[in-house]
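# following is a predicted model, sequence given first.
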Amino acid sequence: MTTTTRAPDADEDTPQLGELLVQSASNSRDRAAVQALAEEETLLAHPTVRAALVVKQDGRMTAVWDRLMGRVYTLGLDDEQRVFLGLVLSMVGIGSVPLSAVERLDERRLLIMQRAILRLAGNDRIAIGTRI
């Protein structure tokens, strides 16, 4: 019987970008916003978003929100991604996207935004689920 060993993936021990950004967040608003982006996944995977948002400062990957704000409409995002990103930017105090924009989010992104708002409020104990 032959056994094969699998080489470990390089990514297994490497922290993901979202994790690195959460670790480097300087306050609770930044942490809640970055966590929302990490959970959403598609925005941090988008090369133009990464280029506009992420910089390496003092050896750490950091989210620089101001760099991103002026580029939201030039990033090549679809409408729903742009709305989600606008709401995240509002969490850190940049831009002004009305809360009614949540109407344009799919269920997955809406749940992510709900959790982010709870984190922002400092309350992660409220259960989020289907109500009758």
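Received it, and whenever you're ready, just let me know what you need.
# how many neighbours does Pro98 have?
Around Pro98 sit 10 other residues, with neighbours defined as other Cβ atoms under 10 Å. In short, each C-beta sits where N, CA and C put it, glycine included.
# backbone dihedrals for it, please?
phi -60, psi 150 (degrees, to the nearest 10).
# for Leu87, see how far away it is.
9 Å (Cβ to Cβ, to the nearest Å).
# now do Ala121
Taking Cβ to Cβ as the measure, Ala121 and Leu87 are separated by 15 Å.
# cool, Ser100 as well?
Distance, Ser100 to Leu87, using Cβ to Cβ: 11 Å.
# out of these two, which sits in the busier spot?
Counting neighbours by other Cβ under 10 Å for Ser100 and for Leu87 shows that Leu87 has the greater number, 24 against 7.
# nearest residue to the more buried one in space, please, no chain neighbours.
Setting aside the residues directly before and after it, Leu87 is nearest to Val97 in space (Cβ to Cβ, 6 or more residues apart in numbering), at 5.4 Å.
# doesn't that neighbour lie inside a helix?
No - the assignment for Val97 (DSSP: H, G, I helix; E, B strand; the rest coil) gives coil, which keeps it out of a helix.
# just the buried residues of stretch 27-44, please?
By neighbour count on 16 or more other Cβ atoms under 10 Å, the buried set for stretch 27-44 is 30-40, 43-44.
# which ones among these lie within helices?
Members of the buried residues of stretch 27-44 lying in helices (criterion: DSSP state H): 30-40, 43-44.
# which residues are in contact with each of Pro98 and Leu87?
None of the residues lies in contact with both Pro98 and Leu87 under the rule Cβ atoms under 8 Å, 6 or more residues apart in numbering.
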